[in-house]
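**Q** Quick one, what's the 3D model for this:
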Amino acid sequence: MTAIPRLVIAGTESGCGKTSLASGLMSALRDRGLVVQPFKTGPDFIDPTHHTRICGRTSRNLDPFMMGEEGVLQTFVYASAGAGIAVVEGAMGLFDGIDGSDFSSTAHVARVLKAPVVLVVSAAASARSVHAVVRGFRDFDPRVRIAGIIFNRLAGTKHRDMIAAEEFVPALGYIPRQEGPGVQSRHLGLVMAHESDMMQSYGQVVRESCDLNAILAVARGAPPLSAPVFATAKNAEKRAAIGVARDNAFCFYYQDNLDRLARAGAEIRFFSPMDDRLPEMDALYLGGGYPELYADRLEASSCRHAIRDLAEHGMPIYGECGGLMYLGRSISTAREYQMAGILPACTEMTSRIQALGYVKGTFSGPDGFWTGGSRVLGHEFHFSRTECDPDARFALRLGQGTGILDGNDGLTEQNTVGTYTHAYFSDTFCEQFVAAAEAFRRYR
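**A** Residues are numbered from 1 along each chain as shown. Have a look, this model is predicted:
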């Protein structure tokens, strides 16, 4: 058993202010001298960048669909080692799961972690009526313990007094309406942490408007967790070097994926395809992000030619979403930009979302570094359309999800594969990818 002070910051709905308040709470707790381990429920890549910047510890995703309940618990316990408190930011409304169900909801994660919930309730256009909302959330699922409420967007002292008069779930904070610009958004969500320091400023708001001692008492009252068996293999022999593109254009990664590659024997070497020379590497992993915003710099960099040369010699390359776009011939925004030209396809940015949701699929065929029949779980979210050559081959068939074309994903050429799916890597996939890199290293 292991005791980890923890709480979940959940909301009644998207847009109620939970991201600002979760980030502000992390900042306020860190200012108190606590080591704060951040988490985010669901497949979100953007909010964790703000958490990581604030806490100085990598924020982890907790998603029962992709990870399973045991995987959620494993990642939570492993990542929380050495922290004084864990703060989990929820997604959407507390009880909103897949396809209208409870599965993979914030409430589901809270139950897996046996974590108390602090519910963020917007009081922007109501007063006494917020208590009906609170009562409904408190009683909806008795397996979820709502330990306190933070009321957000209050108009002033009188507004607060009207709500406080009939409080029946402890109010842990009353946040006044914030004037001025907030954190800006773009088509995939908020801007990334490196583009705005706004989230850190909410630490002062939380310090001034919330009862931090009461919040800490809630977190410290969480029951002990049974620590799952988790092979960390920190000193695994390094069998091959895997280059990982990480910069403003390629910034969407699940930390668990990188950790699993390392446990399988990969030495991870980060670099920027915009600004750096290629490192010595035996395989390449290109995550998602915003290559369309930096297409001119990606086009001008010599990296795209060097990567194509390595692909032609059979180096294993795996690209997700933005990585898929980069591995194709071109990206079109206001004009067309030339990319690596490995995969037989061109990508066009669109004004409307093309796919959003969880993905289930299986790899097919024995002609790559993957094993046919291996299962893939992940998520897709993109505002682009990739047009492939008529004879294009696909390595991934989706039973759930859109992919590149009619449920086909994993466009493949040579030993390169590009997907719209942001996959949560299995141990099997990581072992195969590292083994392929090791083979390339040995025989090239």
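
**Q** the helices in the stretch 201-350 of the chain, which residues?
**A** Counting by DSSP state H, counting those that start in this stretch, the stretch 201-350 of the chain has these helices, from start to end: 212-220, 255-263, 295-300, 303-312, 322-327.

**Q** Check the stretch 51-200 of the chain too.
**A** 64-80, 106-113, 130-140, 157-164, 198-209.

**Q** Ok, which of those comes nearest Pro316?
**A** Nearest of the helices of the stretch 51-200 of the chain to Pro316, taken as Cβ to Cβ: helix 64-80 at 22.5 Å. C-betas here are computed from N, CA, C, even on glycine.

**Q** Which elements pack onto that closest one?
**A** strand 36-41, strand 60-62, helix 106-113, strand 375-382 (3 or more Cβ pairs under 8 Å, 6 or more residues apart in numbering; DSSP states H and E).

**Q** With Ala306 as the reference, name the closest of those.
**A** Nearest to Ala306, of the helices and strands packed on helix 64-80 and by Cβ to Cβ, is strand 375-382 at 26.2 Å.

**Q** Need the helices and strands packed on helix 64-80 in a markdown table (columns: mean pLDDT and mean neighbour count).
**A** Converted to a markdown table, these look like this (pLDDT from 0 to 100; neighbours: other Cβ atoms under 10 Å):
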| stretch | mean pLDDT | mean neighbour count |
| --- | --- | --- |
| strand 36-41 | 98 | 26 |
| strand 60-62 | 98 | 26 |
| helix 106-113 | 98 | 25 |
| strand 375-382 | 96 | 22 |
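
**Q** can you redo these as JSON lines with distance to Arg297?
**A** Converted to JSON lines, those look like this (distance: least, Cβ to Cβ, whole Å):
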{"stretch": "strand 36-41", "distance to Arg297": "29"}
{"stretch": "strand 60-62", "distance to Arg297": "28"}
{"stretch": "helix 106-113", "distance to Arg297": "38"}
{"stretch": "strand 375-382", "distance to Arg297": "21"}
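
**Q** burial of Asp256, as a residue count?
**A** 22 (other Cβ atoms under 10 Å).

**Q** could we number from 25 for the rest of this?
**A** In the new count, where the first residue is 25, that last one comes out as Asp280.

**Q** Without its sequence neighbours, what residue ends up closest to it?
**A** Closest residue to Asp280 apart from its sequence neighbours, by Cβ to Cβ, 6 or more residues apart in numbering: Thr99 at 5.9 Å.

**Q** From Ala260, how far off is that neighbour?
**A** 18 Å (Cβ to Cβ, to the nearest Å).

**Q** Compare the two (neighbour count), which wins?
**A** Neighbour count, other Cβ under 10 Å: between Thr99 and Ala260, Thr99 has more, with 22 against 15.

**Q** Contact partners for that one?
**A** Thr99 is in contact with 84-86, 91, 280, counting by Cβ atoms under 8 Å, 6 or more residues apart in numbering.

**Q** Please repeat the previous calculation with a cut-off of 7 Å.
**A** Neighbouring residues of Thr99 by Cβ atoms under 7 Å, 6 or more residues apart in numbering: 84, 86, 91, 280.

**Q** ok, back up a step: would you reformat the helices of the stretch 75-224 of the chain as CSV and include distance to Ala269?
**A** Output for these, formatted as CSV (distance: least, Cβ to Cβ, whole Å):
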stretch, distance to Ala269
helix 88-104, 22
helix 130-137, 30
helix 154-164, 42
helix 181-188, 48
helix 222-233, 25
